[in-house]
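J.: Model the following, please.
(one chain, ligands or ions: 2)
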Amino acid sequence: MKPLIKKLVEAYGPSGYEDHLRDLIRAEIKGVPDYISVDPLGNLIAGLRSKAKSGKKVMLSAHMDEIGVMVNYVDEKGFCRFTPIGGVGTLTCLGGRVRFANGVTGVIGIEKRDDNSRVPTFEQLFIDVGATSHDDCPVKVGDAAGFVRAFEEHGDRLIAKTMDDRIGCAILIEALRALKRTPHEVAFVFSVQEEVGLRGAGVSAFGLEPDLGIAVDVTRTGDTPKGVKMEVALGRGPAIKVRDSGMLADPRIKNLLVKRAQEAKIPYQLEVLESGTTDAAAMQLARGGVPAGCISIPCRHIHTPSETVDFRDVQWAVKLLVETLEKPIEL
Ligand code: CO
Ligand code: ZN
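T.: Ligands and ions are numbered 1, 2, ... in the order given. Next up is the predicted model:
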């Protein structure tokens, strides 16, 4: 699974520019599902048709997009000013490198400041792509870039710029491959534009009309110095969402996941996240409402170029998903 993770986490794909990811994932799952389709917004859907009358229609979602930056002004010397795509912080930008769709890379620099005690603003930052003038600048207004950082392993700890949410994509792919038989009709959705407001999953859930939805995404942990007050920690199992700032998970879905974890002796944690949300929030509010929940992968340093997860949590999450899909679902 690690080569798959490396391939996905190092790929380019800021929100709205998921084409490359879509191609990568499509190639990975070729021939496995009953059908593969792409909806008008670009969500990639891998579907298993129902074999049993008692089965439910299940939508799973993991987002392909990553946070990034977009050029909004190129000055006469060829320096690019930019605006964030999704939840990017200025502190994690400094000295960072970004890569555009055409392969051009740039370094994020900062103006000389009078007051270093203040958090810099995006207006004070620029991207240096090595140009010398506006006209020879290889990127233009409207071009989007993602951060650049190599995948790394420290034992069970895996580090990458986009564990959020390529780790979810990898888990969906592995679950799809591992699923032997299921009574359910299952749509594995690799969604677009999550980081700018859960947009892809919203239209997917509307179109698919599932009986229930489960997102797979990362969540924060409370296991770093003076971090958020939260019980979730790396390496103690996937977290089953109870609530976050965008949703109250449907208790039936939460209980179903807890039950399946207990039966299969998969370690798990319960997640109450105070800031942040996932595709499950958009699924829940689609059409007349969809019971929805989320399997979260504990992740340190979220929305920095070094998002860190524990490989054991990832493997347990695959197992939990497969256990849940192979058995009947009563809501
Ligand atoms: Co995110
Ligand atoms: Zn995410």
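
J.: Get me the contact residues on this protein for ligand 2.
T.: Counting by C-beta under 5 Å from the ion, the residues of the chain close to ligand 2 are 164-165, 217. C-beta here means a position set from N, CA and C on the backbone, and glycine is covered the same way.

J.: Is the closest residue to ligand 2 within the stretch 1-150 of the chain bridged to anything, and to what?
T.: The minimum distance from the stretch 1-150 of the chain to ligand 2, using C-beta to the ion, falls at residue 63 (5.6 Å). Residues in a beta bridge with residue 63, per DSSP bridges, are residue 191.

J.: How about the contacts made by it?
T.: Residues in contact with residue 63, defined by C-beta atoms under 8 Å, 6 or more residues apart in numbering, are 165, 168-169, 190-195, 200-201, 217, 279.

J.: again, only using 6 Å
T.: Residue 63 makes contacts with 165, 191, 194, as judged by C-beta atoms under 6 Å, 6 or more residues apart in numbering.

J.: what's the neighbour count on residue 2?
T.: Residues within reach of residue 2, counting by other C-beta atoms under 10 Å, total 12.

J.: distance of it from residue 16?
T.: Using C-beta to C-beta, to the nearest Å, residue 2 is found at 28 Å from residue 16.

J.: can you check residue 257 too?
T.: In terms of C-beta to C-beta, residue 257 sits 31 Å off from residue 16.

J.: Turn the contacts of residue 63 into TSV, columns for distance to residue 8, pLDDT and neighbour count.
T.: Output for these, formatted as TSV (distance: C-beta to C-beta, whole Å; pLDDT from 0 to 100; neighbours: other C-beta atoms under 10 Å):
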residue	distance to residue 8	pLDDT	neighbour count
165	10	98	30
191	14	98	33
194	15	98	30
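
J.: and which of those residues is nearest to ligand 2?
T.: Checking the contacts of residue 63 one by one against ligand 2 (C-beta to the ion), the nearest turns out to be residue 165, at 3.9 Å.

J.: what about that closest one, is that helix, strand or coil?
T.: Using DSSP: H, G, I helix; E, B strand; the rest coil, the structure places residue 165 in helix.

J.: one step back: so residue 257 and residue 16 - more neighbours on which side?
T.: Comparing residue 257 with residue 16 by neighbour count (other C-beta under 10 Å), the higher total belongs to residue 257, at 25 against 19.

J.: how close does the residue lying farthest from the centre of the chain sit to residue 123?
T.: Going by C-alpha atoms, centre = their mean, the residue of the chain most distant from its centre is residue 114, 37.2 Å out. Distance of residue 114 to residue 123, computed by C-beta to C-beta: 14 Å.

J.: before we move on, what about residue 109?
T.: 13 Å.

J.: before we move on, the earlier item: the residue farthest from the centre of the chain is in what secondary structure piece?
T.: Using DSSP states H and E, residue 114 sits in no helix or strand.

J.: Could you shift the numbering so residue one becomes 34, and keep it that way?
T.: Noted, 34 is the first residue going forward, which turns the last one into residue 147.

J.: who touches the host helix or strand of residue 341?
T.: Using DSSP H and E, residue 341 maps to strand 340-343. Contact with strand 340-343 is made by 189-192, 196-197, 200, 267-268, 330, 332-334, as judged by C-beta under 6 Å, 6+ apart.

J.: I'm done for today, thanks for sticking with me.
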